[in-house]
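>>> coords please:
(4 chains)
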Protein chains: 2
Amino acid sequence: MTDEAMVPESTAATPVTAHERVYRELKEAILTGHFVPGRSVTLRGIAKMLDVSPTPVREALRRLASERALEVHGNRRVSVPRMTRTKFDDLCAARAALESLAAERAMPRIEAACLERLRQLDAEVDAAIAAADVPRYLRKHREFHFTLYRAGDSGVLMPLIESIWLQFSPFLRWAIHHVGVDYLVDRHAEALHAIERQDVTALRFAIEADVREGLGSLTEAEWRDLAGEDAVVAR
Amino acid sequence: MTDEAMVPESTAATPVTAHERVYRELKEAILTGHFVPGRSVTLRGIAKMLDVSPTPVREALRRLASERALEVHGNRRVSVPRMTRTKFDDLCAARAALESLAAERAMPRIEAACLERLRQLDAEVDAAIAAADVPRYLRKHREFHFTLYRAGDSGVLMPLIESIWLQFSPFLRWAIHHVGVDYLVDRHAEALHAIERQDVTALRFAIEADVREGLGSLTEAEWRDLAGEDAVVAR
DNA sequence: GCCGATCTATTGTGATCACATTCTGCGCCG
DNA sequence: CGGCGCAGAATGTGATCACAATAGATCGGC
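Here you go, the predicted model:
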């Protein structure tokens, strides 16, 4: 009665430790939108699901809680946080600030192969939108942004950005289901052109526009809609 | 759905759990500069020091590691990360981006009492600089910034900013010891004036200047000095 | 029939133990 | 004198157990 199956396969480098495996699988599940906001996560439930003892699960859960992907209540119960209007605004603002910075840092270090990969991902994002394939869109959209930022090779910026994505991903899945894929805009082409011209200002603008138009374009009515129909939104 | 009515002590500092106590004490020690970069942290060492079992210590250590306050090596050993030139640049840039944003969000919500508290802290910072009292300066400087940002009441921005502070604090202590307190500038008065006039642009500028002049003003020679004399700086 | 108390089951917490891996110090051989 | 190898210590990891607190369910009283 807790959670269902998830995570097809993880061919990561070395998930030798149990807590690392638990952490990665849960993280991937959250980013993919398999965790519904408001759902409570139990220690023994995850433990049995992944066939480990409660000990490594607690470590993984606390780690995710410290990245604000999960939330611990006064009851010590853990759950997937719900979304709030102001929280969402903060997340968008933080995304715009950090990701435009990360893109700026990454731009001069983008090699030809990386640029080609970005073009390919952009095409796959477009294809996913055209096919109205939400999970595929989410995956490719995430991959596009993170391959761009990862080129900057910043051990400081990347964890911060990942934390933000972990916070809005569970909500995003539901928001898209409600407003439909038609609302999805694609500023990636604009970003690619900016990279080709090595235009920092244009790249920052493209990233900020992608953030604000892709996420921050929910109208008041749509917020009410989300708050009313299910418990994804708090209060 | 009717249980949030009475929570007399959940908002207060409740280190009831052992791992929370360990986490807070280690965090405070790191922010105060009691942890030397490069020093390795052992599980049983901390456990014996705080008189708890290794279990809650592991959780606290992993939590701090996920906030990048500590670093886990391939050997599974935990240590205080050393500083790098590029890492430091990233931290400064991220600080400027996030803290100016947090200040902007906080400004309209600063009440008279909060402003008065900020003025008092500014005075105490000046006094600490005049007295060349480094620990006191670090504490008051941190308190000034965090009371300002905390006024914005953003559960999103605060953890991100805290993570950044956890990363440069161990290094800061040593850098100040090397370059001396004379290098410490104080843009806090400028920030206070901006708040009084409710001037967003000026406030952002003051915060960014405080970050760049307070931390980012290390010269090339001073970096070599730090790298040479001890192992605070990596490679 | 509804509200409240009690009882039970579930959950989180943390200490202890056993095991695998790694580091360290010492002696040995070249 | 220096590198190599082995033994002992130290460290991280994770499963199990016992305990406390909480939530859910069941039963009794009004």
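>>> pLDDT wise, what is the residue nearest the centre of chain A at?
Centroid check for chain A by Cα atoms, centre = their mean gives A:Trp165 as the closest residue, at 3.4 Å. On pLDDT, A:Trp165 comes in at 97.
>>> Next secondary structure element downstream of the helix or strand that contains it?
Per DSSP states H and E, A:Trp165 falls inside helix A:157-179. Next helix or strand after helix A:157-179 toward the C-terminus (DSSP H and E): helix A:188-197.
>>> Which residues does that next one contact?
Under the contact criterion Cβ atoms under 8 Å, 6 or more residues apart in numbering or on different chains, helix A:188-197 has outside partners A:103, A:107, A:110, A:115, A:118-119, A:121-122, A:125, A:144, A:148, A:200, A:202-203, A:205-207, A:209-210. Yep, even glycine has a C-beta here, placed from its N, CA and C like the rest.
>>> so after it, what's the next helix or strand?
helix A:200-214.
>>> Now do that next one: which elements does it pack against?
helix A:85-106, helix A:188-197 (3 or more Cβ pairs under 8 Å, 6 or more residues apart in numbering or on different chains; DSSP states H and E).
>>> Let me know the angle separating the shortest one from helix A:85-106.
Using axes from the mean of the first three to the mean of the last three Cα atoms, to 10 degrees, the interaxial angle of helix A:188-197 with respect to helix A:85-106 works out to 30 degrees.
>>> mean confidence score for helix A:188-197?
For helix A:188-197, mean pLDDT is 95.
>>> Stretch A:61-73 close to DNA strand D?
No. Figure legend: stretch A:61-73 not in contact with DNA strand D (Cβ under 7 Å from any atom of the strand); closest approach 7.7 Å.
>>> In chain A, what residue comes closest to DNA strand C?
Going by Cβ to the nearest atom of the strand, DNA strand C is nearest to A:Leu43 of chain A, at 2.7 Å.
>>> if we can go back for a sec, quick one, what contacts the residue nearest to the centre of chain A?
So A:Trp165 contacts A:31, A:142 (Cβ under 8 Å, 6+ apart).
>>> Okay, and A:Gly38 sits in which element?
Assigned by DSSP H and E, A:Gly38 falls within no helix or strand.
>>> which stretches of chain A aren't confidently modelled?
Chain A contains residues with pLDDT under 70 at A:1-15, A:215-217, A:219-222, A:225-235.
>>> per the record, what domains does it have?
A:18-79, A:85-229 (automatic domain parsing).
>>> out of those, which comes closest to B:Ala29?
B:Ala29 sits nearest to domain A:18-79 of all the domains of chain A, at 17.3 Å, using Cβ to Cβ.
>>> any idea how far the residue nearest to the centre of chain A lies from B:Asp186?
From A:Trp165 over to B:Asp186 the distance is 36 Å, taken as Cβ to Cβ, to the nearest Å.
>>> thinking again about what came up before, got the domains of chain A as a markdown table, with distance to B:His19 columns?
Below are the domains of chain A laid out as a markdown table (distance: least, Cβ to Cβ, whole Å):
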| stretch | distance to B:His19 |
| --- | --- |
| domain A:18-79 | 8 |
| domain A:85-229 | 20 |
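>>> on that earlier part again, narrow the contacts of helix A:188-197 to just the buried residues.
Among those, those scoring as buried are A:103, A:107, A:110, A:118-119, A:121-122, A:125, A:144, A:148, A:200, A:203, A:205-207, A:209-210 (criterion: 16 or more other Cβ atoms under 10 Å in any protein chain shown).
>>> Around A:Arg44, count how many other residues there are.
For A:Arg44, the count of nearby residues is 11 (other Cβ atoms under 10 Å in any protein chain shown).
>>> In chain A, which residue sits closest to DNA strand D?
With Cβ to the nearest atom of the strand, the shortest gap between chain A and DNA strand D falls at A:Ser53, namely 2.7 Å.
>>> Would you mind confirming that that residue is in contact with A:Ala47?
Yes. With contacts counted by Cβ atoms under 8 Å, A:Ser53 reaches A:Ala47, the gap being 6.1 Å.
>>> Which of these two has more residues huddled nearby?
Legend: neighbour count by other Cβ under 10 Å for A:Ser53 and A:Ala47, higher for A:Ala47 (18 against 12).
>>> Correct me if wrong: the more buried one contacts A:Pro54.
Yes. The pair A:Ala47 / A:Pro54 is scored as a contact, 4.8 Å apart, by Cβ under 8 Å.
>>> what does chain A have sitting close to chain B?
Within chain A, the positions near chain B by Cβ under 8 Å from any Cβ of the partner chain are A:17, A:19, A:55, A:58-59, A:62-63, A:65-68, A:74, A:76, A:86-87, A:90-91, A:93-94, A:97-98, A:101, A:105, A:154-157, A:159-160, A:163-164, A:167.
>>> filter those down to the ones near DNA strand C?
Answer for the residues of chain A next to chain B near DNA strand C (Cβ under 7 Å from any atom of the strand): A:55, A:58, A:76.
>>> Give the helix, strand or coil label for the last one.
If I follow you right, that is A:Arg76. What DSSP: H, G, I helix; E, B strand; the rest coil gives for A:Arg76 is coil.
>>> Count the residues that sit near the spatially closest residue to it that is not a sequence neighbour.
Once flanking residues are discounted, A:Arg76 sits nearest to B:Thr17: 7.6 Å by Cβ to Cβ, 6 or more residues apart in numbering or on different chains. When neighbours are defined as other Cβ under 10 Å, B:Thr17 has 13 of them.
>>> next one: phi and psi at B:Thr17?
Dihedral pair for B:Thr17: phi -80, psi 150, per degrees, to the nearest 10.
>>> wait, it sits on B:Val52?
No. Judged on Cβ under 8 Å, B:Thr17 makes no contact with B:Val52 at a distance of 10.2 Å.
>>> Tell me both backbone torsions, phi and psi, for the residue of chain A closest to DNA strand D.
Dihedral angles for A:Ser53 - degrees, to the nearest 10 - are phi -80, psi 160.
>>> do the same with A:Asp133
phi -90, psi 90.
>>> Without its sequence neighbours, what residue ends up closest to A:Gly152?
That would be A:Ala106: by Cβ to Cβ, 6+ apart, it lies 3.4 Å from A:Gly152.
>>> any idea how far chain B is from the one you found?
Separation of A:Ala106 from chain B (Cβ to the nearest Cβ, to the nearest Å) stands at 12 Å.
>>> That residue contacts A:His145, doesn't it?
No. If you go by Cβ under 8 Å, A:Ala106 and A:His145 don't touch, sitting 10.6 Å apart.
>>> burial measure for A:Ala94, as a count.
24.
>>> for A:Ala113, same thing?
By the criterion of other Cβ under 10 Å, A:Ala113 has 8 neighbours.
>>> what sits against it?
For A:Ala113, the contact set (Cβ under 8 Å, 6+ apart) is empty.
>>> does it sit in a helix, a strand or a coil?
Classified using three-state DSSP, A:Ala113 is helix.
>>> separation between it and A:Gly180?
Going from A:Ala113 to A:Gly180 by Cβ to Cβ gives 35 Å.
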